[in-house]
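> predicted structure and sequence below. I'll ask about it afterward.
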Amino acid sequence: MNISTVNEDAFSRLVVIGASWGGVDALRVLLQKITVPFNFAIVVVIHQDRSKKSALSQIFTEIMPFSVLEAGDKQPLVGGEVYVSTPNYHLLVEQNGTLSHTVDRLVNYSRPSIDVLFHTAADAYGDRVVAVVLTGANKDGAEGARCVKQRGGQVFVQDPKEAEAKAMPLATIDIVDVDFIGDLDALASKLNALV
Amino acid sequence: MPKYQNDEDYDIHALLETIYLKWGYDFRGYSKASITRRIFFFLKEEKITRIPELQYQLVRDKALFYRFIRDVTVNVTEMFRDPEFYLSVKQNIIPQLKTYPHIKIWHAGCATGEEAYSLAILLDQSGILGRSTIYATDINRTVLDRAKKGIFSDSFLQQYEKNFNNSGLTGNLSDYFEKGYDHVIMDSRLRKNIVFTEHDLVIDHVFGEMQLIFCRNVLIYFTRELQNQVIDLFSESLDFGGYLCLGGKETLDFFSGKDKFITKDADNKIYQKTK
Ligand SMILES: C[S@@+](CC[C@H](N)C(=O)[O-])C[C@H]1O[C@@H](n2cnc3c(N)ncnc32)[C@H](O)[C@@H]1O
């Protein structure tokens, strides 16, 4: 019991993306530029109305050449797939390569919180993590991105000039020595170049 | 191959193992990311620098251990969380409950009780509160003490009222409480049929012949193996024809005995035990 059963082959890298105000559009553009097949797993936390169910994964799946799933509890991560957060639940990455959830207090006035995703991803996967901070009107994700960096991962940020709301990218750039800043096109190329 | 990924992972496992040996509470089957996060908050709160130090003290300090239980469990809850769930309970479950002379309900993982009071309100409006008993249980005795008092901070009142209004109920939430300075006191009539008591889903036994079990947003804290074990316990505790209600991210899909249940409402996670 209690032995971490990491399936090393399930995915190459773990890409964690945080998006808030203007995030749906930014995500659509970014994801559509990802070349298939890809062997990293993508986990997205996006701030949405907490009192509503989200149809995001369904809408995205229809327009993308890969599956965009609403993150299931204890769902194993697989390369080439995208997992999107559920409103009102924090989304966490487990060391055994699965996703989990908590209804714990809001973090940065948000549930799900990008910091929680980034932090747990960094704890579980260290230098295999690539964190991407997109548009948003708050500072969620900055602390988490700092954790990712500390554990040897990389941090990419959407160019604040291009972002619909620049506060979130700026907050990250402010406290993290980020690896790359660029528009959605450039961010997609960086992801496509991951090995 | 090492069994643990890193030193911190080892520390957490050793801590949970020690707690089990010393106090008999078993957190070893909990999902690691959330409990690790809570343990680090606890270290900060108690001004303890390292997990092995916490482990040493937990063996020797019972009061510290109860604070540990209080703080590592996640007790966040609300009244009428997911209003459409309550609507579905009203439509899919209440009519059958009305046919029983006495109704036994187990509310597992009730936290500070907001959900138990919500259910009591629904039963009251359905005219069956008087012949119902709600056994509301939790592992955390501190939250149960608060649940028994039925006094809630008014900071989330607006949200609760909004939830209430979308739950298919009549009247207003304010019909069911008295407003204090910064809190509300729930009508004691609701309390009369609720029994708040300590019960640990991991180590304690079946809770006999229930017609309805609520266990929402508790299984998410468990690994799939432990989820299976606990759902088995629910299955054993349910009458034939009884209902099991889970939280939004929880499901019977991976339960080995899922053929004993039919899905009444997939979106709202309502299942009925038929075998
Ligand atoms: C997030 S709360 C859920 C409250 C409520 N059901 C809701 O959905 O709003 C989870 C509760 O499960 C309780 N819990 C955790 N482990 C438990 C166990 N082994 N046995 C019983 N209760 C447990 C916690 O103490 C906490 O109060």
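Looks like it arrived, so ask away.

> buried ones in the helix or strand containing B:L54, by neighbour count?
Element membership of B:L54, judged by DSSP states H and E, is helix B:51-60. For helix B:51-60, the neighbour count (16 or more other C-beta atoms under 10 Å in any protein chain shown) marks B:I51, B:L54, B:Q55, B:L58 as buried. For glycine as for every other residue, the C-beta is placed from the backbone atoms N, C-alpha and C.

> so it, near chain A or not?
No: contact of helix B:51-60 with chain A (C-beta under 8 Å from any C-beta of the partner chain) is absent, the minimum separation being 13.6 Å.

> helix or strand right after that helix?
From helix B:51-60 onward toward the C-terminus, using DSSP H and E, the following helix or strand is helix B:62-72.

> show me what the next helix or strand after that following helix is packed up against.
On the C-terminal side of helix B:62-72, the nearest following helix or strand under DSSP H and E is helix B:83-92. Identification of packing neighbours for helix B:83-92 by 3 or more C-beta pairs under 8 Å, 6 or more residues apart in numbering or on different chains; DSSP states H and E yields helix B:114-125, helix B:157-165, strand B:238-246, strand B:261-265, strand B:270-273.

> which residue does chain B bring closest to chain A?
When scored by C-beta to the nearest C-beta, chain B has B:A33 as its residue closest to chain A, at 4.0 Å.

> does the ligand have contacts with the helix or strand harbouring B:Y10?
Following DSSP H and E, one finds B:Y10 within helix B:7-23. No: judged by C-beta under 6 Å from any ligand atom, helix B:7-23 stays clear of the ligand, getting no closer than 12.2 Å.

> in that helix, which residues are buried?
Buried, per 16+ other C-beta under 10 Å, within helix B:7-23: B:E8, B:D9, B:D11, B:I12, B:H13, B:L15, B:L16, B:E17, B:T18, B:I19.

> which ones among the residues you listed also lie next to chain A?
Okay, of the buried residues of helix B:7-23 touching chain A (C-beta under 8 Å from any C-beta), that's B:E8, B:D9, B:H13.

> how much space separates the second one from B:V184?
As for B:D9, its distance to B:V184 is 43 Å (criterion: C-beta to C-beta, to the nearest Å).

> repeat for the first one
In this structure, B:E8 and B:V184 are 42 Å apart, going by C-beta to C-beta.

> low-confidence bits of chain A, can you list those?
Across chain A, the ranges flagged by pLDDT under 70 are A:1-8.

> follow-up on the earlier one: can you tell me the helix or strand for the residue of chain B closest to chain A?
B:A33 is part of helix B:32-46 when elements are defined by DSSP H and E.

> most tightly packed of the helices and strands packed on helix B:83-92?
Highest mean neighbour count of the helices and strands packed on helix B:83-92: helix B:114-125, a mean of 24 (counted as mean count of other C-beta atoms under 10 Å in any protein chain shown).

> which helices and strands sit right next to the helix or strand following that helix?
Next in sequence after helix B:114-125, counting helices and strands by DSSP H and E, comes strand B:132-138. Packed against strand B:132-138 by the contact rule (3+ C-beta pairs under 8 Å, 6+ apart) you find strand B:103-108, helix B:114-125, helix B:141-149, strand B:194-198.

> could you export strand B:132-138 as PDB, CA atoms only?
Written as PDB, here are the backbone C-alpha positions of strand B:132-138 (Å, rounded to 0.1, in the frame of the first residue of the first chain):
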ATOM      1  CA  SER B 132     -37.500  11.200   9.900                       C
ATOM      2  CA  THR B 133     -34.300  10.800  11.800                       C
ATOM      3  CA  ILE B 134     -31.100  12.200  10.200                       C
ATOM      4  CA  TYR B 135     -27.900  10.700  11.600                       C
ATOM      5  CA  ALA B 136     -25.400  13.300  10.700                       C
ATOM      6  CA  THR B 137     -21.800  12.100  11.200                       C
ATOM      7  CA  ASP B 138     -18.300  13.300  10.800                       C
END
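
> can you report how many residues lie near the nearest residue to B:D124 once chain neighbours are set aside?
Ranked by C-beta to C-beta, 6 or more residues apart in numbering or on different chains and with sequence neighbours excluded, the top spatial neighbour of B:D124 is B:L190, at 6.8 Å. Counted by other C-beta atoms under 10 Å in any protein chain shown, the residues lying close to B:L190 total 22.

> let me know the pLDDT of the closest residue to B:L58 other than its chain neighbours.
Spatial nearest neighbour of B:L58, excluding adjacent residues (C-beta to C-beta, 6+ apart): B:F65 at 5.4 Å. As predicted, B:F65 sits at a pLDDT of 97.

> show me what contacts B:F65?
Residues counted as contacts of B:F65 (C-beta atoms under 8 Å, 6 or more residues apart in numbering or on different chains) are B:I19, B:K22, B:W23, B:L58.

> try it again at 10 Å.
B:I19, B:K22, B:W23, B:Y25, B:Q57, B:L58, B:V59 (C-beta atoms under 10 Å, 6 or more residues apart in numbering or on different chains).

> which stretch of helix or strand covers the residue nearest to the spatial centre of chain A?
Nearest to the geometric centre of chain A sits A:I17, at 2.1 Å (C-alpha atoms, centre = their mean). Assigned by DSSP H and E, A:I17 belongs to strand A:14-19.

> who does that strand pair up with?
Strand pairing for strand A:14-19, using DSSP bridges, gives strand A:41-46 (parallel), strand A:129-133 (parallel).

> reformat these as JSON lines; add mean neighbour count.
Putting the strands paired with strand A:14-19 into JSON lines (neighbours: other C-beta atoms under 10 Å in any protein chain shown) gives the following:
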{"stretch": "strand A:41-46", "mean neighbour count": "26"}
{"stretch": "strand A:129-133", "mean neighbour count": "27"}
